[in-house]
Every structure is written in structure tokens, then in C-alpha cells.
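Novice: Let me see the structure of the following:
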Amino acid sequence: MEATQRLIVALDFDDASSALALTDRLGDLALRYKVGYRLLTATGFAILNELRARGKWVFCDLKLHDIPATVAGAVKTIAHQNIGAVTLHALGGSAMLRAAVEAVQGLAHRPLLWAVTVLTSLDETALRDELMVTLPLSDYAVHLARLARFCGCDGVIASGHEIERIKESCGDDFQVIVPAVRLAGADAHDQRRVITPAEAIRRGADFLVVGRAITQSENPRDAFLQIAEAIERASV
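Specialist: Model (predicted):
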């Protein structure tokens, strides 16, 4: 897979015009985009139609987490929008994850199902003191990845620091999608567990999700190409 196709641009905007202006500015450079509920709640499904009309592959980052029947219904509804992937929270448990997997079986278009492990805005202290999780963060992320794999999900969203252990535990064919990607020396913003593009690829990431490093750049095309070049070099 080409380096540019392993890069997913996060459209973390509050309106369609800003999001589409960026996609038009990136043009043919960027094929894959992430739409989260920040943009989706502002625009509805119309933004998905606009992106598909531009030939883009869309990842809906909804982090679905509810009772099994509710998540199954939501997954089936969003699947009919011909998206490429949708996220669930692994913390929803095996019944919820299996319900989502069963909901897309047999559909004419089946999106990839990616389960979120531990948010990259959380660190070891928050996990232990606030969420009362006694396992070390890395062990907990791997546990959730194994659960997602067992239930039939296609991959997980995880910090770049857990890639190797997840691959070892779940297999090389189990996709690991890495957010909180920053170029060396860049501001981490609200993320706790960041990683550079090159390091993520060397550790085995399948896709990188990049937002502010591109969307807030004075020249998004140059920023995109810089990250894609880092991916290419690390892939050799």
C-alpha cells in the first residue's frame, strides 16, 4: 500500500465548508478521511455524501458504546452510508462487539469495524486513579485488543506504543490504527501518548490518523507530504 493511503486525515471541524475546503486543498494527495461526531453532528450524513462524491474513503469515528441492540442498529444504519470503517468502544464488552459484527454480516457493503482500546488522551495515572483499572496501561490495551479480535472486529485504535504487543497477541492481519501522531518536536496538545509517523510505521501500524498537524498547518499539502514521506522512508 502506498504511503499516502496509510494516512487518514482527521476532519475535526465544526462545519462542512471548512472540512470540504481542506479536502479540496489536499486534492488527489489524500484519499482517506476521518469524520468524528464533532463534524457529523454539525452536518448530518450530508458530509459523507460530499466526501464520497469527491472519491474519498471515509472512516466514521463514532466510538459506539451502548447496549448491544442499540449499537447493532447504529452500525447497520451507518453501514448503509457506504463508509469504509466505523469505531466501537471495546469497553462495551463482548456481547456489544459481537452484535456489531453480526449486524454487518451479509450486507452489500460491509465497513471495517475498529475497536477503541484506551484513549490516547489517557495515561497510566488517569487509568489507575480515575478509572480504577489496576492493570498496567499497555496490558489493558492488549487485553481489549484480544477481546475485539475474539469477537470478530477487524482491528483496533490504539496508541503507537502498544502496536508491537497487539500484533504479537492478535496477529499481523489484525489492523492497528494509530492516532496522536506528531512530527518530532510538535505540540502534543491534549494527547498524552504521542508518536512520530516513522516510529509508528516501524512498530507495525497499518494506518495513521493525523489531524492538527495537517489541518492547522499554514500549508496542509506540504504537511501531508512531509508525513507521507516519513511513512515511505520508515516502510523500506
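
Novice: following the helix or strand of the chain with the lowest mean pLDDT, which helix or strand shows up next?
Specialist: In the chain, the helix or strand scored least confidently by mean pLDDT, DSSP states H and E is helix 124-125, which has a mean of 88. As assigned by DSSP states H and E, the chain's next helix or strand after helix 124-125 is helix 137-151.

Novice: Strand partners (parallel or antiparallel) of the helix or strand just after that next one?
Specialist: Scanning forward in sequence from helix 137-151 by DSSP H and E, the next helix or strand is strand 155-157. In the sheet, strand 155-157 lines up against strand 112-116 (parallel), strand 175-178 (parallel) (DSSP bridges).

Novice: between the ones you listed, which gets nearest to residue 103?
Specialist: strand 112-116 (9.3 Å; Cβ to Cβ). Quick note: C-beta positions are derived from backbone N, CA and C, even for glycine.

Novice: sorry, back to before: buried deepest among the strands paired with strand 155-157, which one?
Specialist: Counting by mean count of other Cβ atoms under 10 Å, strand 175-178 has the highest mean neighbour count of those, with a mean of 25.

Novice: okay if I get the strands paired with strand 155-157 as a markdown table plus distance to residue 92 and mean pLDDT?
Specialist: Shown next, in a markdown table, are those (distance: least, Cβ to Cβ, whole Å; pLDDT from 0 to 100):
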| stretch | distance to residue 92 | mean pLDDT |
| --- | --- | --- |
| strand 112-116 | 8 | 98 |
| strand 175-178 | 18 | 96 |
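
Novice: quick one: residue 129 from residue 25, how far?
Specialist: Using Cβ to Cβ, to the nearest Å, residue 129 is found at 42 Å from residue 25.

Novice: I meant to write residue 178 there.
Specialist: 24 Å.

Novice: which residues are in contact with the lengthiest strand in the chain?
Specialist: Criterion DSSP state E: the longest strand present in the chain is strand 57-64. Contacting residues not belonging to strand 57-64 are listed as 8, 10, 31-37, 40, 48, 51-52, 71, 74-75, 78, 81, 83-89, 92, 100, 111, 114, 116, 157, 209 [Cβ atoms under 8 Å, 6 or more residues apart in numbering].

Novice: what angle sits between the helix or strand just after it and strand 112-116?
Specialist: As assigned by DSSP H and E, the chain's next helix or strand after strand 57-64 is helix 68-79. Here the directions of helix 68-79 and strand 112-116 differ by 130 degrees (axes from the mean of the first three to the mean of the last three Cα atoms, to 10 degrees).
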